[in-house]
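Student: Here is the input, now give the coordinates:
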Amino acid sequence: MPRVINLLAIAAPQQVMLEVKVAEVSKVLVDQLGASVGINRTMGSWTYSLLSNLLSNNPSGLSGSNSNNFFNLDAQKRDGLIKVLAEPNIMAISGQEASFLAGGKIFIPVNQTNTGGVSTITLEEKEYGVAVKFTPTVLEGGRINLKVAPEVSDLNKDGIGITATGISATAVLPSFTTRRATTTVQLFDGQSFAIGGLIKNNVTSNIKALPGLGEVPVLGALFRSTDFQTDRSELVFIITPHLVKPLPPDYKLPTDGYIQPTRGDMFMQGKMEGTAPAQQPATPAAPASVPPQAATVQPAAGGFDLK
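Tutor: Below is the predicted model of the structure:
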């Protein structure tokens, strides 16, 4: 009979640790300019006013007033640069998917119809924040095939309004702003790559004015206020994969040698660590006979080894 010899040895699946650095650079520019003029008069028990506090309750800038008249000028400008950095470490077995989320969850009502035709409202879970999903595949020679899907989503301040039959009120459901990318790369252990260009740009402009007077050229600036805001942010992912191995069961940690101090050591001698007791020298034991062991096969980088 022919004899079949297996020349392929399958080793244990290797593990990959993904080191992710998330950097977000936000550029915020805010300009505000406005003015308000007020004239207050009192006749008997009646009080009337013109353009009372058009801008805000607490205007900043130049102001002047007397007992009956006031003038307020609001001029502000803010320019900020914010950098948010996160460094999660994720680990997965070769061929398996791993994920990371730094954010939150929100529940959205969803209308569903069962088999009997009855409509019910259920809550659907929606996650938002900074999320990363990746699937590594370890190849021969220490190469790593990596499929990465980073995503950044946040709640939009402008929701979606919905109405129902027989209900006059309008419900506002939350909406999301999402920046997502999916890519597949192949690199060696310790090499890095970057994913950028995830840019979000929002421009907001508001004008508040007194009808009629606010539309007058030049002088109308005294009767209106203008807010202009620009939000621009860019997200960058720097990703580095590493081949890792589990620690042995008897691995010594830095805290293994710590001894809690007694009250006398702490208060009288000012020690933050206790004194280890003196150990007696161990008696050398007779060497035991070691049985012969079979030759072990070293696994290849890809999890397969040819004999």
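Student: wait, what's in contact with Lys105?
Tutor: Contact analysis of Lys105 by C-beta atoms under 8 Å, 6 or more residues apart in numbering lists Glu125, Lys126, Glu127, Tyr128. (Glycine included, C-beta is placed from N, CA and C.)
Student: measure it to Val130 for me?
Tutor: Note on Lys105: its distance to Val130, by C-beta to C-beta, to the nearest Å, is 14 Å.
Student: Report how many residues lie close to Tyr128.
Tutor: Residues near Tyr128, counting by other C-beta atoms under 10 Å, number 19.
Student: That one reaches Leu155, doesn't it?
Tutor: Yes. Counting by C-beta atoms under 8 Å, Tyr128 does reach Leu155; the two are 6.3 Å apart.
Student: Overlap of the contact sets of those two?
Tutor: In contact with both Tyr128 and Leu155: Ile106, Phe176, using C-beta under 8 Å, 6+ apart.
Student: coming back round to it: farthest-separated two in the contacts of Lys105?
Tutor: Glu125 and Tyr128 (10.8 Å; C-beta to C-beta).
Student: list residues touching both of these two?
Tutor: Counting by C-beta under 8 Å, 6+ apart, the residues touching both Glu125 and Tyr128 are Lys105, Ile106.
Student: I'd like the average pLDDT over stretch 199-206.
Tutor: Stretch 199-206 carries an average pLDDT of 73.
Student: Check what contacts that stretch and list those residues.
Tutor: With C-beta under 8 Å, 6+ apart as the criterion, stretch 199-206 contacts Thr177, Arg179, Thr226, Asp227, Phe228, Gln229, Thr230, Asp231, Arg232, Ser233, Glu234, Leu235.
Student: Quickly list what the fourth one is bridged to.
Tutor: In this case it means Asp227. Beta-bridge pairing of Asp227 under DSSP bridges involves Gln32, Asn206.
Student: Tell me how far it lies from Ser205.
Tutor: 7 Å.
Student: With neighbour numbers in mind, choose between those two.
Tutor: Asp227 (17 against 10).
Student: thinking again about what came up before, among the contacts of Lys105, which one sits closest to Ser99?
Tutor: Set against Ser99, the nearest of those by C-beta to C-beta is Glu127 (10.1 Å).
Student: Phi, psi for the closest one please.
Tutor: Torsion angles at Glu127 (phi, psi; degrees, to the nearest 10) stand at phi -100, psi 150.
Student: picking up where we left off before, for the contacts of stretch 199-206, I'd like a selection string for ChimeraX - just the buried members, please.
Tutor: Only the buried entries of these go into this ChimeraX selection, using 16 or more other C-beta atoms under 10 Å:
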select :179,227,233,234,235
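Student: Keep only those of the contacts of stretch 199-206 that are in strands.
Tutor: Thr177, Arg179, Thr226, Asp227, Phe228, Gln229, Thr230, Asp231, Arg232, Ser233, Glu234, Leu235 (DSSP state E).
Student: Would you confirm that the second one contacts Val152?
Tutor: By that I understand Arg179. Yes. When contacts are counted by C-beta under 8 Å, Arg179 is listed as touching Val152 (4.7 Å).
Student: Return every residue with contacts to both of these two.
Tutor: Joint contacts of Arg179 and Val152 (C-beta under 8 Å, 6+ apart) are Leu198, Leu235.
Student: Quick check: buried residues in stretch 248-265?
Tutor: Pro261, Asp265.
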